[in-house]
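J.: kindly generate the corresponding structure for this input.
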Amino acid sequence: MLSGLHAAAAVVGRDLAREVQAGTVIAHRSRLTPPGNDDDPLAACRDQAHRARRSRGRKA
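T.: This next block holds a predicted model:
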C-alpha cells in the first residue's frame, strides 16, 4: 500500500503520506466506484496496452 501512496505522491507532487497522517481527506467515498468481484487491474492494464499496440500498428 505504501508503494502506491508514494507513486501517487510523485505524480501529484505532494507529500501524501504526511497529508494522510494529518487526517486530510484525499477522496470522498461517495465519489468512488465500489469495488466489484470482477475488478482485475492487471487485466485492465493488459487490455489498454493491447489497444495501444493495435492503434500504433494502424498508423504505420
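J.: going forward, measure contacts and count neighbours with C-alpha atoms only.
T.: Fine.
J.: so where's the chain shaky on pLDDT?
T.: In the predicted model of the chain, residues 1, 37, 57-60 satisfy pLDDT under 70.
J.: try 50 this time
T.: Scanning the chain for pLDDT under 50 picks out 60.
J.: run through the helices of it in chain order.
T.: Under the criterion DSSP state H, the chain contains helices at 2-12, 16-21, 41-59.
J.: could these go into a markdown table alongside distance to residue 33 and mean neighbour count?
T.: Formatted as a markdown table, the helices of the chain follow (distance: least, C-alpha to C-alpha, whole Å; neighbours: other C-alpha atoms under 10 Å):
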| stretch | distance to residue 33 | mean neighbour count |
| --- | --- | --- |
| helix 2-12 | 18 | 11 |
| helix 16-21 | 21 | 12 |
| helix 41-59 | 14 | 10 |
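J.: next, format those as TSV and append distance to residue 31.
T.: Output for the helices of the chain, formatted as TSV (distance: least, C-alpha to C-alpha, whole Å):
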stretch	distance to residue 31
helix 2-12	18
helix 16-21	18
helix 41-59	19
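J.: nearest to residue 35, out of these?
T.: helix 41-59 (11.2 Å; C-alpha to C-alpha).
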